[in-house]
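A.B. asks: No letters, just coordinates:
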Ligand SMILES: [Zn+2]
């Protein structure tokens, strides 16, 4: 028993030393110089998947698990959901939090929310448009809802659902208390994946999520875009870095607002936050985060309300 990793295309990641009471197969889906991970838990009744990654990787997952019992969706972002429809067609029950159902059922809306609405703030790379078009095909309608505190028993594995909003409205973590295992999806961004800003769509829920997750007794933590964590201290350090990052972004946003008494473009604030965070590159994720921080200040600064009112979070 243990964890093995399968990277597409073809690269085998090093196998961590520590065994778990559970077989976990990690499938890595590289794209645009980064990757997203989905997880297969083989078991009774065909096993189950935690996210399905990119559409282009779904057939490879299907070779390992032709008919999984279920797909558990950590959230509705396109790079986690590419194979949901394939496995649902094969009989898998697709579980998702209703907060992200609008993303799942309307790929055009998701493109607008994540990218297109910021096209005046940064240049969307053509490769980004291309991969979205290739990987996002059809709407997905979850078979069943996930909700906070829900207990599930799937393929012989007991799981608890922890609602974890802040990266998206319907983000959840999957907690296996007996094993001390936690799957976080993108709910815990630390100080950002792949050297960019953490992507936060609402700040207060995000901070509350990080504080709440610190109460879990987890020492094996699997996120979708960062290395696996194999001890409780590293997990708590990641949460701490996330909270520190939020505090810094509050500070930079206030600093920017004080220096800009007239209306400004969201891209200006996003670029400022990136610069203040050690020169991180500007992208749509930074624009999402910038708008979320403006939302926090919209009662105090008319300029913040005017700017963030132009965007949907
Ligand atoms: Zn995401």
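C.D. replies: Arrived safely, thanks for sending. Bear in mind the structure is a predicted one, so any value in this text is a computation, not a measurement.
A.B. asks: From the ion, how far out is residue 114?
C.D. replies: Between residue 114 and the ion the computed distance is 9 Å (Cβ to the ion, to the nearest Å). No exception for glycine: its C-beta is placed from N, CA and C like everyone else's.
A.B. asks: Correct me if wrong: that residue contacts residue 288.
C.D. replies: Yes - Residue 114 lies in contact with residue 288 (Cβ atoms under 8 Å); the separation is 7.2 Å.
A.B. asks: what comes up buried for stretch 224-244?
C.D. replies: Using 16 or more other Cβ atoms under 10 Å as the test for burial, stretch 224-244 gives 224-226, 228-229, 235-236, 238-239, 241-242.
A.B. asks: what's the offset of it from the middle of its chain?
C.D. replies: Centroid displacement of stretch 224-244 relative to its chain, using Cα atoms, centre = their mean, to the nearest Å, is 14 Å.
A.B. asks: Residue 175: what secondary structure?
C.D. replies: Under DSSP: H, G, I helix; E, B strand; the rest coil, residue 175 falls in the strand class.
A.B. asks: What count of nearby residues applies to it?
C.D. replies: By the criterion of other Cβ atoms under 10 Å, residue 175 has 21 neighbours.
A.B. asks: which residues sit in contact with the residue in the stretch 151-300 of the chain that the ion sits nearest to?
C.D. replies: Nearest residue of the stretch 151-300 of the chain to the ion: residue 186, at 3.6 Å (Cβ to the ion). Contacts here follow Cβ atoms under 8 Å, 6 or more residues apart in numbering; on that basis residue 186 touches 74-75, 77, 80, 167-168, 171, 193, 199, 223-225.
A.B. asks: quick one: pLDDT of it?
C.D. replies: Looking at residue 186, its pLDDT stands at 97.
A.B. asks: likewise residue 46?
C.D. replies: Looking at residue 46, its pLDDT stands at 88.
A.B. asks: That one: neighbour count?
C.D. replies: The number of residues packed near residue 46 is 19, by other Cβ under 10 Å.
A.B. asks: That one reaches residue 155, doesn't it?
C.D. replies: Yes - the pair residue 46 / residue 155 is scored as a contact, 6.8 Å apart, by Cβ under 8 Å.
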